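Engineer: next comes the sequence, and after it the predicted model I'd like to discuss.
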Amino acid sequence: MIRINKIKTMFMKDFDDIIKTKYIAASLIALPILMIIIVPLSFLLPMMLDPTGFQSGDMAFLSNFPLTSNWSSLDEFQQSFVFFVEIANIFYVMIPFILPTIIAADSFSGEKDRGTVEALVAAPITDSELYIGKVASAVIPTVGMTWLFCIPQIFMINVFSIKVLGYYYLPNLQYLIIVVLLTPAVTLLMTNVMIWASTRTNTARDSQQMGSLIALPLMFLVINFSTLALVISETILLVGVVIVYFMAYGSYIVGLDLLDRERWLSYTK
């Protein structure tokens, strides 16, 4: 039987290590700000300052890719605005691929640097409790910070959309599916991948390199599918979310099955 208090203890221990590690703590804040706020603002702000640049016919191809139910009634500038907002949503998929490579890579490998390997191996906690605690210490901060910074992004986008479209554009159904459902699913999947790498390498850097090699094709597939689904339908996007959750669950089962504390101890010596 899994003991929640043991998982909570493991989570709090790892979360404390995250806060104390300046590089990881800074990444938790800086990456969401960069990808959720700064990058979208960098291409939406020029649109707002010079709307004529997006009414010259250069973006006419967008008329063939309806992204809203009222797409045909929007002019070229409005379609361009919606297009860039929807593309910005893809960053919610990229963050879960990047942050866990920093946090989860340190999950097991970092125990060696902190001199806590032997104590963790001998701790009165089951492999399931240990593994879930490690997963939670990467998933909760990643998803939590992503959701936190989606609030100012919604406000920013809506300040623009009320001027461009005449109504508040976010949050719409696609946005909610990506942020509320897909982001946690990808985070779970990527965290499991990074923990696999972390238990089989000596340093966090080696873990990041190994995990990143595995993550690259996954990131390519998920991002391309998400982009395509935005054009097709929310139903296809939901199907993709379900598939990612199944992959995340499968990666958890495999990771738990591969977890061997004695073997992991040998990797860290």
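Structural biologist: Yes, it's here.
Engineer: from now on I want contacts and neighbour counts done on CA atoms only, so please keep to that.
Structural biologist: Noted.
Engineer: quick one: contacts for residue 125?
Structural biologist: residue 6 (CA atoms under 8 Å, 6 or more residues apart in numbering).
Engineer: helix, strand, or coil at it?
Structural biologist: At residue 125 the chain is in coil, as set by DSSP: H, G, I helix; E, B strand; the rest coil.
Engineer: so for it, what's the pLDDT?
Structural biologist: Looking at residue 125, its pLDDT reads 83.
Engineer: same deal with the one 10 residues further on?
Structural biologist: In the predicted model, residue 135 carries a pLDDT score of 91.
Engineer: repeat that for residue 162.
Structural biologist: In this model, residue 162 carries a pLDDT of 95.
Engineer: surely it touches residue 168?
Structural biologist: Yes - the criterion here is CA atoms under 8 Å, and residue 162 meets it with residue 168 at 5.5 Å.
Engineer: more neighbours: which of these two?
Structural biologist: Each of residue 162 and residue 168 has its neighbours counted (other CA atoms under 10 Å); residue 168 has more, 17 against 12.
Engineer: the closest residue in space to residue 71 that isn't next to it in sequence: which element?
Structural biologist: In this structure, residue 71 finds its nearest non-sequential neighbour in residue 79, 7.2 Å apart by CA to CA, 6 or more residues apart in numbering. Under the criterion DSSP states H and E, the helix or strand holding residue 79 is helix 76-88.
Engineer: for that helix, give the mean pLDDT please.
Structural biologist: Helix 76-88 comes out at a mean pLDDT of 88.
Engineer: circling back: what about the residue nearest to residue 71, distance to residue 86?
Structural biologist: 11 Å (CA to CA, to the nearest Å).
Engineer: settle it for me: which of these two has more neighbours?
Structural biologist: Legend: neighbour count by other CA under 10 Å for residue 79 and residue 86, higher for residue 79 (25 against 18).
Engineer: measure residue 52 to residue 127 for me?
Structural biologist: Separation of residue 52 from residue 127 (CA to CA): 60 Å.
Engineer: burial count for the residue lying closest to residue 153 once chain neighbours are set aside?
Structural biologist: Distances taken as CA to CA, 6+ apart put residue 37 closest to residue 153, at 5.8 Å, once the chain neighbours are dropped. Counted by other CA under 10 Å, the residues lying close to residue 37 total 20.
Engineer: so residue 37 sits against residue 155, correct?
Structural biologist: No - applying CA under 8 Å as the test, residue 37 and residue 155 come out as separate, 10.4 Å apart.
Engineer: okay, and the common contacts of residue 79 and residue 86?
Structural biologist: Going by CA under 8 Å, 6+ apart, no residue sits against residue 79 while also sitting against residue 86.
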